[in-house]
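In: model this:
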Amino acid sequence: MATAVDALDAKILRLLLEQPRTSVREYARMLGVARGTVQARLDRLERDGVITAYGPSLSPAALGHPVLAFVHIEVTQGHLDEVGDALAALPEIIEAFSITGGGDLFTRVVARDNAHLEDVVQQLIRMPGVVRTRTEMALRERVRYRTLPLVEAVGRSAPAARAQEPPRRQP
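Out: Model (predicted):
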């Protein structure tokens, strides 16, 4: 589902990431293009799946869950969907992916403390279809989840903005 992102799209995405609470009108002013151009670009980027959500980024640690672990889950053949659905019912599972390699699922788990983490892992082990788990605890975040460097790289290699209207004159 590769969508063509041009240089103007990349500039809009950068502003959206760096200044998410700014209005479309202000983005347009900053970029020197019409508000309708920015809105149309945002609509297309949403439709194409480039922009997947809007909202605040929350800290599990600030919500009382400072322990972060990654749990690999091996699943009985044919039970991947069932286990995936069961994972979605646990609030401490904040992400889960089907993977290749060692295990079938890779989850990101948060907990209040080590004892709570053990309780969550025990819940996982008791799920029908789970064969075994392997848990790795995070010690320190080294690179925060980010997409801005990717947007910048795409923007540098993107063609110039397609058939864009000329910049508006500022009064």
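In: domain ranges for this structure?
Out: Following automatic domain parsing, one gets these domains for the chain: 7-56, 67-137.
In: surely Leu16 is in a helix?
Out: Yes - assessed by DSSP: H, G, I helix; E, B strand; the rest coil, Leu16 belongs to a helix.
In: and it, how far from Thr107?
Out: The gap separating Leu16 from Thr107 is 29 Å, by Cβ to Cβ, to the nearest Å. In this view, the C-beta of every residue, glycine as well, is placed from N, C-alpha and C.
In: more crowded one of these two?
Out: Thr107 (24 against 19; other Cβ atoms under 10 Å).
In: which ones are touching the more buried one?
Out: Residues near Thr107 by Cβ atoms under 8 Å, 6 or more residues apart in numbering: Phe70, Val71, His72, Ile73, Leu87, Ile93, Glu95, Ala96, Phe97, Leu124.
In: for the protein, just list every one of the helices.
Out: Here the chain has its helices, by DSSP state H, at 7-18, 24-31, 35-47, 80-88, 114-126, 148-157.
In: show me what the first one is packed against.
Out: For helix 7-18, the helices and strands in contact under the criterion 3 or more Cβ pairs under 8 Å, 6 or more residues apart in numbering; DSSP states H and E are helix 24-31, helix 35-47, helix 148-157.
In: Thr147 against Leu17, yeah?
Out: Yes - using Cβ atoms under 8 Å, Thr147 is in contact with Leu17, at 6.7 Å.
In: return the helix or strand in the protein with minimum mean pLDDT.
Out: Lowest by mean pLDDT, DSSP states H and E among the helices and strands of the chain is helix 148-157, with a mean of 90.
In: show me which residues of that one are buried.
Out: Val151, Val154, Gly155 (16 or more other Cβ atoms under 10 Å).
In: looking at these, which one is closest to Arg112?
Out: Checking these against Arg112 with Cβ to Cβ, the nearest one is Val151 at 34.6 Å.
In: if I look at the closest one, how far off is Asp119?
Out: 39 Å.
In: poorly predicted segments of the chain, please.
Out: Residue ranges of the chain with pLDDT under 70: 1-3, 160-171.
In: want to try TSV for the helices of the chain, with distance to Ala53 as columns?
Out: Putting those into TSV (distance: least, Cβ to Cβ, whole Å) gives the following:
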stretch	distance to Ala53
helix 7-18	11
helix 24-31	17
helix 35-47	10
helix 80-88	17
helix 114-126	25
helix 148-157	15
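In: what's the span of stretch 139-147, first residue to last?
Out: Length of stretch 139-147, first residue to last, Cα to Cα, to the nearest Å: 22 Å.
In: and for it, what are the contacting residues?
Out: Contacts of stretch 139-147 (Cβ under 8 Å, 6+ apart): Leu17, Leu68.
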